[in-house]
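Participant: Could you work out the structure for the sequence below:
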Amino acid sequence: MDLAKYVVNAVLVEGRSVRAVAASTGRSKSWVHRHVALYREGGEEALVPLKRGPKRSPRQTDPRVEDEIVRVRKELAEEGLDAGAATIRWHLQQTYAYVPARATIHRVLQRRGFVQPQPQKRPRNSWTRFESDLPNDCWQTDMTHWHLEDGSAVEIVNFIDDYSRAVLASVALPVATAADVVRIFFATTEIYGLPASVLSDNGAIYTAHYRGSHTGMEIELAALGITFKHGKPYHPQTQGKIERYHLTLKKWLRKQPPAETLTDLQQQIDRFVFIYNEQRPHVARGRTPMSAWRSLDKATPVLDGQPLLAHTKVRHDRIDKTGCFTLRYRGRLHHVGVGRAHKHKRILILMADLDVRVIDEDGVTLRHFELDPSVDYQRLERDIV
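Facilitator: Now for the predicted structure:
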C-alpha cells in the first residue's frame, strides 16, 4: 500500500492519533496532517504526487510545430509518397525559415504514434553499401509488374542513376521485350548521355548468357564500350536502389484511381517521376534526385581510349552496296565511305559534333574521322589515327 494511503487509513479508519502514526512511519505530524486534509478534500486521487518541475519542458517542440509536422505527414501519406522525417523536413523548409532537426521530427512522429520502434532491424553500421561516385557512372535497370483496372497485366521498364537515384526512364508496356529495353535505353541516352556501366538482374530481356547467346542490350553495350553488369541470381539486394524505387512507385500508384488504359498508366507514371525527381528529397542525398544528378560532372564510357561525351549522338544504320552510308549535319546530307568490303553491314554511328565513329556489330571501329561540313563525300583519308 502507498504510504500516504496507509497513514490516512490509520488516522481515519483505525482512529489512531496523528502523533502515533507519524512516529510509527518516521514522518512528521505536519506531513500526516497534510495528507489527511488532501484526502478529505479530493479523495484518493488527491494523494497522487504531482509532477515536479515545469508543466511543459522549455526544450519541447512547440505544439503548433508538431501539428504542422503531423499535417505534412498525413498529406504525404494520403498521396502515397514517402513520409519519413527527412522528407517532412524538406517540405517544411520550402515554407518556413526555421524547421526542427530530422531527429526531432522523428521523435514527434514517435510521440504522436505515427512511427513504431523496430529494434529487430539490423543497425545501419552493419550494412555494406555500394554507391557510384558520379552521375552516369552506373545506371540500374529492371522491370516490374502492374495491373490495369480490368486486371490486365502490364510491365514497367525502369532506368535509374545509381549516384543520384534520379529516375531516367519509367515506361509501361503490355509485355517488355529485349528490343523494348534497347529502344528505351537509347531514347534515354538522347536526354541524359551515355552511362559508363549498366547494372541489371538476370532476366531474359537483359541477358541470354545462360542460353549461350546474347541479347540486343548486351550486343549494343559491348559495341559502345559500356560495361554491362548483372546481379547474383536470386539476390535482388544487388539492385537494391531500383528495387526500392519499385516499392515507392507502386505505393503511390495504389493511391491513384486505377488506370483504364496503358496510356492512362503512363500519364500517372510520368507525373510520379516528376514528383520523385524534382519535388521530394532522397534520404541518401538530402536533396531531390535530379538536383543531385545535375550537380556534378557526368561519367562517360571510354571507347578506343576516347571518352564518349554526354552530347554524343547514337544512330543505327546499314552500309549500302557501294560501301557508304549517309549522315546529316545541320540540315545537310553527307555521304561517308567505309569501303566495299563492309557492304551491307549493320553499324553504330557515334557523333559528337564533328567527331564521328563508325562501329560494326562486333564492336570493331571501322572509321573514326572528323566530318568536313564543306564537302559532300567524306573520304577515308580523313580518318583520325
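Participant: Could you double-check that residue 366 lies in contact with residue 343?
Facilitator: No. Counting by CB atoms under 8 Å, residue 366 stays clear of residue 343, with 11.6 Å between them. Every residue, glycine included, has its C-beta placed from N, CA and C.
Participant: Between these two, point out the one with more neighbours.
Facilitator: When residue 366 and residue 343 are compared for neighbours, residue 366 comes out ahead with 17 against 14, by other CB atoms under 10 Å.
Participant: How about the secondary structure of the more buried one?
Facilitator: strand (DSSP: H, G, I helix; E, B strand; the rest coil).
Participant: tell me the contacts of it?
Facilitator: Residues in contact with residue 366 (CB atoms under 8 Å, 6 or more residues apart in numbering) are 338-339, 342, 345, 347, 358-360.
Participant: go again using 6 Å as the cut-off
Facilitator: Neighbour list for residue 366: 338, 342, 358, 360 [criterion: CB atoms under 6 Å, 6 or more residues apart in numbering].
Participant: same check, this time on residue 114
Facilitator: Counting by CB under 6 Å, 6+ apart, residue 114 touches residue 73.
Participant: isn't there a strand covering it?
Facilitator: No. According to three-state DSSP, the state of residue 114 is coil, so it is not within a strand.
Participant: ok, back up a step: could you identify which of the contacts of residue 366 has the most neighbours?
Facilitator: If you count neighbours using other CB under 10 Å, the busiest of these is residue 358, which has 23 neighbours.
Participant: Residue 115: neighbour count?
Facilitator: When neighbours are defined as other CB under 10 Å, residue 115 has 17 of them.
Participant: can you count the residues close to residue 72?
Facilitator: The number of residues packed around residue 72, counting by other CB under 10 Å, is 18.
Participant: any idea which helix or strand carries it?
Facilitator: Under the criterion DSSP states H and E, the helix or strand holding residue 72 is helix 63-78.
Participant: Which residues does that helix contact?
Facilitator: Residues from elsewhere that reach helix 63-78 (CB under 6 Å, 6+ apart): 83, 88, 91, 105, 108, 112, 114.
Participant: SS state for the fifth one?
Facilitator: If I follow you right, that is residue 108. The three-state label for residue 108, taken from three-state DSSP, comes out as helix.
Participant: show me the contacts for it.
Facilitator: Applying CB under 6 Å, 6+ apart, the residues contacting residue 108 are 61, 66, 69.
Participant: now the fourth one
Facilitator: Remark: with contacts taken as CB under 6 Å, 6+ apart, residue 105 is in contact with 69, 85, 88-89.
Participant: Give me the subset of those residues that lies in helices.
Facilitator: Among the contacts of residue 105, the ones falling in helices (DSSP state H) are 69, 85, 88-89.
Participant: Now restrict these to buried residues only.
Facilitator: Of the members of the ones in helices among the contacts of residue 105, the ones counted as buried by neighbours, 16 or more other CB atoms under 10 Å, are 69, 85, 88-89.
Participant: could those residues go into TSV alongside pLDDT and distance to residue 305?
Facilitator: Listed next are these as TSV, based on pLDDT from 0 to 100; distance: CB to CB, whole Å:
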residue	pLDDT	distance to residue 305
69	83	54
85	80	47
88	82	49
89	82	46
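Participant: a markdown table for these, including distance to residue 328?
Facilitator: As requested, those are arranged in a markdown table below (distance: CB to CB, whole Å):
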| residue | distance to residue 328 |
| --- | --- |
| 69 | 56 |
| 85 | 53 |
| 88 | 51 |
| 89 | 50 |
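Participant: nearest spatial neighbour of residue 299, skipping sequence neighbours?
Facilitator: residue 137 (3.9 Å; CB to CB, 6 or more residues apart in numbering).
Participant: Ok, residue 246 next?
Facilitator: Closest residue to residue 246 apart from its sequence neighbours, by CB to CB, 6+ apart: residue 144 at 4.5 Å.
Participant: just checking, the one you found is part of a strand?
Facilitator: Yes. Assessed by three-state DSSP, residue 144 belongs to a strand.
Participant: pretty sure it contacts residue 248?
Facilitator: No. Taking CB atoms under 6 Å as the definition, residue 144 is not a contact partner of residue 248, at 11.2 Å.
Participant: Quick check: neighbours shared by these two?
Facilitator: With the criterion set as CB under 6 Å, 6+ apart, the contacts of residue 144 and residue 248 do not overlap.
Participant: before we move on, back to that, using a markdown table, lay out the contacts of residue 366 together with secondary structure and pLDDT.
Facilitator: Formatted as a markdown table, the entries for those read as follows, by DSSP: H, G, I helix; E, B strand; the rest coil; pLDDT from 0 to 100:
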| residue | secondary structure | pLDDT |
| --- | --- | --- |
| 338 | coil | 92 |
| 342 | helix | 92 |
| 358 | strand | 91 |
| 360 | strand | 88 |
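Participant: chain center to the helix or strand bottoming out on mean pLDDT in the chain: distance?
Facilitator: Using mean pLDDT, DSSP states H and E, strand 306-307 stands out as the lowest-scoring helix or strand of the chain, at a mean of 75. In terms of CA atoms, centre = their mean, to the nearest Å, the gap separating the centre of strand 306-307 from the centre of its chain is 30 Å.
Participant: what's around residue 25, how many residues?
Facilitator: Residues contacting residue 25 under the criterion other CB under 10 Å number 14.
Participant: on that earlier part again, using TSV, lay out the contacts of helix 63-78 together with distance to residue 222.
Facilitator: As requested, those are arranged in TSV below (distance: CB to CB, whole Å):
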residue	distance to residue 222
83	43
88	45
91	44
105	48
108	52
112	54
114	49
